[in-house]
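Engineer: got a predicted structure here, sequence first:
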Amino acid sequence: MVDRDRSTATRGAALARDHVDVLIVGAGLSGIGAACHLRRNCPDKTYALLESRDAIGGTWDLFRYPGVRSDSDMFTLGYSFKPWTNPKSIADGDAIREYVRDTAREYDVERHIRFRHRVVSAEWDSVTARWAVRAHRDDTGETVELTCGFLHVCAGYYRYDAGYTPRLPGVERYTGRLVHPQQWPAAFDQAGARVFEIGSGATAVTLVPAMAERAEHVTMLQRSPTYLLALPSRDAFADA
């Protein structure tokens, strides 16, 4: 991001043709929530959402590995203006994705989303008190520019094009299949497979049990001990 004290009249006029009061980056759980809050509390403000992918849902649309679910209860993670009513408080990815999409439809947010728009730069102009945001359109290959008075970045903290993969000496000699959960192949069937899973965090806690149902054998490698407590997926207090 750059602080630009002066801008040419020509470029300023061009940017003004596509201006919104609020520009939201990302159409995931946070971005859709931000747009809904604008609809509820600032209905006179214009806004748009730029989404690099072609679907609503962010993390919950990208991650499709077996067993994917939230590691936080949805009564906390969900929207205050649209309470979570599903009986499962620790919800699976599909349910969360539909919850976000239903919310976007209910608050008429969908038509404000510009899909396949990947933000590449944002410059602040002190003279006009506006952000100039440049985005690359993956569908057409062109670059577009918008201006806004308030830039709200809801892009999350995952690198969507490539998940983190540590350097493993000698991995080039491995003749089996390497799979990253962030780019889980839709056609991959682990039935009968012998799986070696690296990591013991939230992803492993959901992925390993799901794979164990079909794989011949699953081994989890962990750096430090993980302590788990078995609890029901439904919350008795919430049900009451």
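Structural biologist: Alright, I've got the coordinates. Residues are numbered from 1 along each chain as shown.
Engineer: wait, a strand at residue 101?
Structural biologist: No - counting by DSSP: H, G, I helix; E, B strand; the rest coil, residue 101 is not part of a strand but helix.
Engineer: quick check: residue 139 vs residue 119, distance?
Structural biologist: 15 Å (CB to CB, to the nearest Å). Placement of C-beta: from N, CA and C, glycine included.
Engineer: tell me where the protein has strands.
Structural biologist: Along the chain, the stretches classed as strands by DSSP state E are 2-4, 19-25, 47-51, 113-115, 117-125, 130-137, 143-153, 194-198, 217-221.
Engineer: could I get the ones you listed in a markdown table, plus columns for distance to residue 166 and mean pLDDT?
Structural biologist: Shown next, in a markdown table, are the strands of the chain (distance: least, CB to CB, whole Å; pLDDT from 0 to 100):
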| stretch | distance to residue 166 | mean pLDDT |
| --- | --- | --- |
| strand 2-4 | 33 | 50 |
| strand 19-25 | 28 | 97 |
| strand 47-51 | 29 | 97 |
| strand 113-115 | 32 | 97 |
| strand 117-125 | 26 | 95 |
| strand 130-137 | 29 | 95 |
| strand 143-153 | 27 | 96 |
| strand 194-198 | 8 | 92 |
| strand 217-221 | 12 | 93 |
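Engineer: for these, give me a markdown table that also has mean neighbour count and distance to residue 169.
Structural biologist: Shown next, in a markdown table, are the strands of the chain (neighbours: other CB atoms under 10 Å; distance: least, CB to CB, whole Å):
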| stretch | mean neighbour count | distance to residue 169 |
| --- | --- | --- |
| strand 2-4 | 11 | 40 |
| strand 19-25 | 20 | 38 |
| strand 47-51 | 24 | 38 |
| strand 113-115 | 17 | 40 |
| strand 117-125 | 17 | 34 |
| strand 130-137 | 20 | 36 |
| strand 143-153 | 17 | 37 |
| strand 194-198 | 15 | 14 |
| strand 217-221 | 13 | 15 |
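Engineer: thanks a lot, catch you later.
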